[in-house]
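1. just coords:
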């Protein structure tokens, strides 16, 4: 760490006056896509479909079948906005029930109908068009729907009946109805001699494992009410072909009496070799006998975690030592195959029994590619495990071998679409003989994003080696180093081995931060530190697909500032109905050039912990936070007697300086200038992204915008506004609670001209504006070392 980078980053808190109430918008015009002439004909057709459903109900009741019927609504893609969803909900959410229970693909809504009376009320709502008084809500609700039909289970084609089958039941959002469904399904399986087993993915996922089923049995399952999906149960294994080396690495030993961070490694096991055994804690968890385990993969992962910097001769992570907890959650595939529900059960059990361990590495995966819309059940399980146990999982993005055929990369694997975890891709550490191999570029095997619903995945990248083809089509590898089970230095490639480098950063950062554990804070700080290697010359959209937000810096670089910069952290919770609007943001007044314009680099990272709903398909992330940071001319009084105005103080001439249209397109498209490794200028639009980042340089403003928004004097603001999807808002209204989401916003202001001491100036501004603020707490032994450097 440079001796002048020794100023701790800071927390600051919003003041009471910075929290404001969300203001209502005026009535809008009818959208252009709406055709009022269609509404009457659609209403008649939809009612006819629902009348047929009523006949189904009559038959079911005679058979004592009280499982709800589900219909799917094909929604006009232009009507997917939250405002139109309310109009559709007004037709179907009768009797204060949340009948719209989920999403199927991107544009199909699922509606449960659990009795004939509710169905008749839905038909009555659609029949209001007969009164010749068409409200805007009624027109929008009906014309937003393109078709209605009874839902049939989604069944994977060409199922191999020798494998386990995965059956997912609906979640109706009602405990009593879910209980009725579960009891009926289990009774049905017993009568039909179908061998079933309950699984535990998450509290809200009703999934069963079926074995020994026949084609006839599958046909019978198809006819059972309440099944959402039937597919083969995914299986998991580890492909591991290592090379050994004659390199010698010194064994490092824990210093007696010194504390170290601890990491749980969820893998195939860790060999008790001289380099690792001093760091292994005495306890472990395993779900297999020794005869069916192969510890090669887990040993390699542990070696990278603990010796990654020494083996590569670089200070990638800055982790000096780390205790390791061994969790053997997968066996040798040749001796005992493992299915998805078993692997999840092993992971859940290990983490829940040892939840005092806060950082976990999961370098296991599958070849199944993540869906474009639906988040995987594995990812949902990982998210729930992390929430329930207050831990952070660093997860590999997955490998693919498409490069062997010179084909495009596959997208990330199922399980790498976890929202709560950090997902890690791989880049090369050096160039090799393969035709496409370039130093510090995405590894040829590293899977790309995005995740479902356009979520940015992977989150980060690190060094995991490379592989490719030479001019004679021969496989060439450029591996990274770790250890084999016999203690020798070994070589291999994969996102499995880039991931523990980020795990090491997370563990070391959490250990040095003498704060209450907060996974959102750790994610935010690590992502905030990340940059793109200058060797990556592609545009930003390609960078995001392949390496996420980039390559993080080491632990000390994250925690400390130089005098010409300051990093501020705002941790808080945003409730529906309120927003944070800081009109006295402490931007340094010294950062004005000789011509009177503000200058400098600003990096803003927002990591939220969104509300997650497993039934909502592409809308799994139910909340979002919009970030606006910028300048304004002066504060002004506002007329709160007006219906849509709640807040008495506003800002005149306000402009969000994170907006893409303010900057010169020529400048922002450069891939070979000094700022290209940091530039992050992206419009997130209406996408619900749990992680957002901007990094801008005011020198890249267009001349006109520079004159308007950077010419001093200016005041500065930070505004954070939460958004919640219709399902969450409707659920909260019925259940009488206020939805909220935690977040961590990290902002770095950097004086590119290094004219003054920005750190001290902003600290003084925080005081003068009456902000409560404090340096991050660093463990004492780090403070001692810093004092020795002064």
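-> Perfect, thanks for sending it. These numbers were taken from a predicted model, which means no experiment stands behind them.
2. Which residue, neighbours along the chain excluded, lies closest to residue 125?
-> Ranked by C-beta to C-beta, 6 or more residues apart in numbering and with sequence neighbours excluded, the top spatial neighbour of residue 125 is residue 91, at 4.7 Å. For the C-beta atoms, the positions are set from N, CA and C on the backbone; glycine is no exception.
3. Buried residues in the helix or strand containing the one you found, which are they?
-> In this structure, residue 91 sits in helix 82-92 according to DSSP states H and E. Using 16 or more other C-beta atoms under 10 Å as the test for burial, helix 82-92 gives 84-89, 91-92.
4. Next secondary structure after that helix?
-> The helix or strand immediately downstream of helix 82-92 is strand 100-104, counting by DSSP H and E.
5. residue ranges of the helices in the stretch 101-250 of the chain, please?
-> Taking DSSP state H, counting those that start in this stretch, the helices of the stretch 101-250 of the chain run over residues 116-126, 136-143, 175-191, 215-222.
6. Mean confidence (pLDDT) on the first one, please.
-> Summarised as a single mean, pLDDT over helix 116-126 is 94.
7. and the direction of that helix versus that of helix 82-92, what angle?
-> Interaxial angle, helix 116-126 versus helix 82-92 (axes from the mean of the first three to the mean of the last three C-alpha atoms, to 10 degrees): 120 degrees.
8. Buried ones in helix 116-126, by neighbour count?
-> For helix 116-126, a neighbour-count test (16+ other C-beta under 10 Å) marks 118-119, 122-123, 125-126 as buried.
9. same check, this time on the third one
-> By neighbour count with 16+ other C-beta under 10 Å, helix 175-191 contains the buried residues 177-178, 180-181, 184-185, 188-189.
10. Equivalent analysis for stretch 392-411, please.
-> Applying a neighbour-count criterion of 16+ other C-beta under 10 Å, one finds 392-400, 403, 409-411 buried in stretch 392-411.
11. which two in these are spaced the farthest apart?
-> Farthest apart among the buried residues of stretch 392-411 by C-beta to C-beta are 392 and 403. That separation is 30.8 Å.
12. mind checking the backbone torsions on residue 488?
-> With angles defined as degrees, to the nearest 10, residue 488 sits at phi -80, psi 160.
13. how far away is it from residue 312?
-> Counting by C-beta to C-beta, to the nearest Å, the gap from residue 488 to residue 312 is 17 Å.
14. hmm, back to that, for the buried residues of stretch 392-411, point out the one with the lowest pLDDT.
-> Least confident of the buried residues of stretch 392-411 in the model: residue 403, at 87.
15. circling back to that earlier point, what about the residue nearest to residue 125, distance to residue 48?
-> Applying C-beta to C-beta, the value for residue 91 to residue 48 is 15 Å.
16. ok, now residue 274?
-> Distance of residue 274 to residue 48, given as C-beta to C-beta: 76 Å.
17. Kindly report the same for residue 761.
-> Per C-beta to C-beta, residue 761 is found 71 Å from residue 48.
18. What of residue 199?
-> Taking C-beta to C-beta, one finds residue 199 at 39 Å from residue 48.
19. Give me the more crowded residue out of the two.
-> Using other C-beta atoms under 10 Å, the more surrounded residue of residue 199 and residue 48 is residue 199, with 22 against 11.
20. Contacts only, for the residue lying closest to the more buried one once chain neighbours are set aside.
-> Once flanking residues are discounted, residue 199 sits nearest to residue 341: 3.9 Å by C-beta to C-beta, 6+ apart. If a contact means C-beta atoms under 8 Å, 6 or more residues apart in numbering, then residue 341 has 166, 197, 199-201, 207, 209, 233 as its contacts.
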